[in-house]
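*Asks:* Provided below for reference: sequence and predicted model.
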Amino acid sequence: MYLRTTKRKNKDGSVVQYYQLAHNERHPETRKPVAKIIHNFGRTDQLDRDQLVRLCRSIARVCELTVIDPVSDEHEDKTAGNYLASDLKIDKTMELGTVLAIEALWKKIGLKKTFCDIAKANKLPQEYERALLAMTANRLCVPESKLGVWDRWLDKVYLPSCSDLKLRHMYEAMDMLYEHAAEVEEAVFYQVADLFNLEVDLIFYDTTTACFNTDYEDDPDDSDVALRQYGHSKEGTWSTQVVVALAVTKEGIPVRSWVLPGNTCDVSTVEQVRADLRGWNLGRAMFVADSGMNSEENRKTLARACGKYLLACRMANVAQIKRTVLSKRGRFTVFGDNLHAKKSLSVMENVANDIFFATTPKRLNARVCIGKTSSHFLNMNLAAIKTEKRPTNGP
């Protein structure tokens with residue numbers, strides 16, 4: 001759509017011009033573009049100029065633009081340029097507030113120090129830390145590719161410390177992050193735990209899947225690129241995927257994440273997770289997971305690793321639990337309108353387990369929680385739930 005100008009020559013030799021709003025359409029037979037008139041504005045010498053200005057401003061308002069009319073706005077509209085001295089002009093505008101806050105948080109949670117220490121210890125350029133900051137800030141603002149961050153986005157924001165970055169710094173910094181991801185996650189977690197004064201007494205763990213639209217999986221013999229493998233996704237499809245695992249605190253603060261091959265079973269991830277967290281001084285924390293992590297091997301692993309865990313289990317899946325819980329006499333303890341529970345003790349795989357049967361009045365086929373933990377610790381948590389009278393969405 002465009003503003004079209006046409007001319008007409010009178011008998012006296014004078015030329016008259018007309019303005020028309022038009023757009024091109026392709027002729028159905030000749031297939032050539034033909035101008036179709038949408039609106040006639042009339043003769044240019046008799047045109048209502050203000051009418052065109054109003055049209056321009058209405059279009060600009062939809063497009064989030066500003067129309068400056070040097071004729072009528074000279075003494076009426078006070079645009080940004082009117083407040084400048086006559087010898088000054090706006091050369092460039094850059095975004096400041098968002099990236100300033102991101103850079104402050106980057107330093108506050110210890111990412112700046114962590115990456116600088118890693119680069120120094122491995123004799124790598126310090127620019128890698130700035131490159132990672134730039135890509136992180138871009139991801140939080142207007143996500144682009146690494147090339148887009150370096151070529152376009154950095155010119156629009158005020159990050160003077162990133163002005164000397166080169167494109168290769170973006171790619172090489174990602175290699176550094178990948179090789180030291182575990183170290184970075186540990187440092188950030190301790191910094192955040194100290195910043196928010198977190199009590200890490202519970203660690204919730206679960207997995208999900210991320211699928212890819214590819215026809216082939218990665219070569220399983222190549223340990224560097226063998227993550228995309230065929231498997232059953234959480235959506236119930238069979239596709240190439242990766243398994244994403246996440247451990248969080250009870251406040252939802254991430255502890256650590258993992259990306260595992262797509263053919264990894266949920267049950268088989270627990271041993272690696274506990275091994276990776278063994279040096280984090282989280283031995284007093286209770287490990288909480290759903291029924292997908294419940295297996296004899298995992299219960300032994302968790303008993304050796306931390307001694308306290310809470311795993312959900314479908315009552316019909318384990319005959320010993322079904323017999324132990326249902327054969328025990330006693331009433332349910334009522335913690336709320338939606339939570340009734342009772343406790344039983346069982347020895348499974350030579351390990352003493354506290355079994356908590358949780359149900360609701362309308363759903364008696366609920367799940368059983370198996371835990372090897374301190375009764376005093378769990379009783380305090382259950383008492384807190386009962387006192388607060390809040391709905392409980394536990395296993």
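*Replies:* Looks like it came in fine.
*Asks:* isn't there a helix covering G231?
*Replies:* No. Assessed with DSSP: H, G, I helix; E, B strand; the rest coil, G231 is strand; it does not lie in a helix.
*Asks:* residues in contact with it?
*Replies:* By CB atoms under 8 Å, 6 or more residues apart in numbering, the contact set of G231 is T209, W238, S239, Q241, V243, G262, N263, T264. Placement of C-beta: from N, CA and C, glycine included.
*Asks:* out of the residues you listed, which is most surrounded?
*Replies:* Compared across the contacts of G231, Q241 has the highest neighbour count, 27 neighbours, by other CB atoms under 10 Å.
*Asks:* isn't that one up against K234?
*Replies:* No. Q241 lies out of contact with K234 (CB atoms under 8 Å); the separation is 9.1 Å.
*Asks:* joint contacts of the two?
*Replies:* With CB under 8 Å, 6+ apart as the test, Q241 and K234 both reach T209.
*Asks:* three-state assignment of V244?
*Replies:* Secondary structure for V244, judged by three-state DSSP, is strand.
*Asks:* what's around it, how many residues?
*Replies:* Neighbour count of V244, defined by other CB under 10 Å: 14.
*Asks:* now do it against D276, distance only.
*Replies:* Distance, V244 to D276, using CB to CB, to the nearest Å: 15 Å.
*Asks:* and for Y128?
*Replies:* The spacing between Y128 and D276, counted by CB to CB, is 24 Å.
*Asks:* so which of those two has more stuff around it?
*Replies:* Y128 (23 against 15).
*Asks:* where does that one land in three-state SS?
*Replies:* helix.
*Asks:* spatially nearest residue to it (excluding sequence neighbours)?
*Replies:* Closest residue to Y128 apart from its sequence neighbours, by CB to CB, 6 or more residues apart in numbering: A173 at 4.0 Å.
*Asks:* could you do D219 as well?
*Replies:* Among residues not flanking D219 along the chain, A226 sits closest, at 6.3 Å (CB to CB, 6+ apart).
*Asks:* residues contacting the one you found?
*Replies:* D218, D219, P220, P261.
*Asks:* let's see if you can find the most crowded of the residues you listed.
*Replies:* Among those, the one with the most neighbours (other CB under 10 Å) is D218, at 18 neighbours.
*Asks:* turn the contacts of G231 into a markdown table, columns for pLDDT and secondary structure.
*Replies:* Formatted as a markdown table, the contacts of G231 follow (pLDDT from 0 to 100; DSSP: H, G, I helix; E, B strand; the rest coil):
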| residue | pLDDT | secondary structure |
| --- | --- | --- |
| T209 | 89 | strand |
| W238 | 87 | strand |
| S239 | 86 | strand |
| Q241 | 90 | strand |
| V243 | 90 | strand |
| G262 | 87 | coil |
| N263 | 86 | coil |
| T264 | 85 | coil |
